[in-house]
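*Asks:* starting from these lines, generate the structure:
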Amino acid sequence: MKFIYMSLYLIDIFFYIFLRILKTEESSILQNKYQELKDKKEEYEEMAQAEKENYAELENSLSLKTDELKDTLKEVKNVLDSIEIKKSELDKLKKTDIRQIEKMKIQSNFATESIERWNNNIFLLKQWIQDRTKNSGDVVDRLLGM
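*Replies:* Down below sits the predicted model:
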């Protein structure tokens, strides 16, 4: 009986030591895993910080570029305004150009001839209506809307 107690006691001690060893191994594995995760966390935090700094730098450079774009836009507007002024000056100068004056004379003569033909045609039409209807010139003028 003593032997059985003794063997049970030894078995208890064995299991106690065995469990202790297992716990120690598990705890060392867990500690190693914890350390790895902690290292990864620090690495990710460093990466996040670097990304934040890069983002801030990019944002600052974009705001500078926006200011540069605004300045460039103002310059473009000024150039467009000066182009409009130059166009109006060119139009004024065209009026004094000899070739332009000749073109305007030709157009004026053509317009004058067209008006004379139109007036002649209206007068002929008025005469024809007066001859056919035996109405006076005033009545025919009213009928034609003149």
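
*Asks:* now do Asn60 against Leu73, distance only.
*Replies:* As defined by C-beta to C-beta, to the nearest Å, Asn60 lies at a distance of 20 Å from Leu73. All C-beta atoms are positioned from the backbone trio N, CA, C, and that covers glycine.

*Asks:* and for Val140?
*Replies:* Val140 is 65 Å from Leu73, where distance means C-beta to C-beta.

*Asks:* these two: which is more packed in?
*Replies:* Ranked by neighbour count (other C-beta atoms under 10 Å), Val140 and Leu73 place Val140 first, with 17 against 10.

*Asks:* could you list the buried residues of whatever helix or strand the more buried one lives in?
*Replies:* Here Val140 sits within helix 137-144, counting by DSSP states H and E. Of the residues in helix 137-144, Val140 count as buried by neighbour count, 16 or more other C-beta atoms under 10 Å.

*Asks:* contacts for it?
*Replies:* Ile122, Leu125, Lys126, Ile129, Gln130, Thr133, Asn135 (C-beta atoms under 8 Å, 6 or more residues apart in numbering).

*Asks:* pLDDT score assigned to the last one?
*Replies:* Meaning Asn135. Looking at Asn135, its pLDDT is 74.

*Asks:* same question, Ile13
*Replies:* 71.

*Asks:* helix/strand/coil for it?
*Replies:* Secondary structure for Ile13, judged by DSSP: H, G, I helix; E, B strand; the rest coil, is helix.

*Asks:* okay, now it: neighbour count?
*Replies:* Residues near Ile13, counting by other C-beta under 10 Å: 10.

*Asks:* helices or strands next to the host helix or strand of Glu75 in the packing?
*Replies:* Glu75 belongs to helix 2-94 when assigned by DSSP H and E. Packed against helix 2-94 by the contact rule (3 or more C-beta pairs under 8 Å, 6 or more residues apart in numbering; DSSP states H and E) you find no helix or strand.
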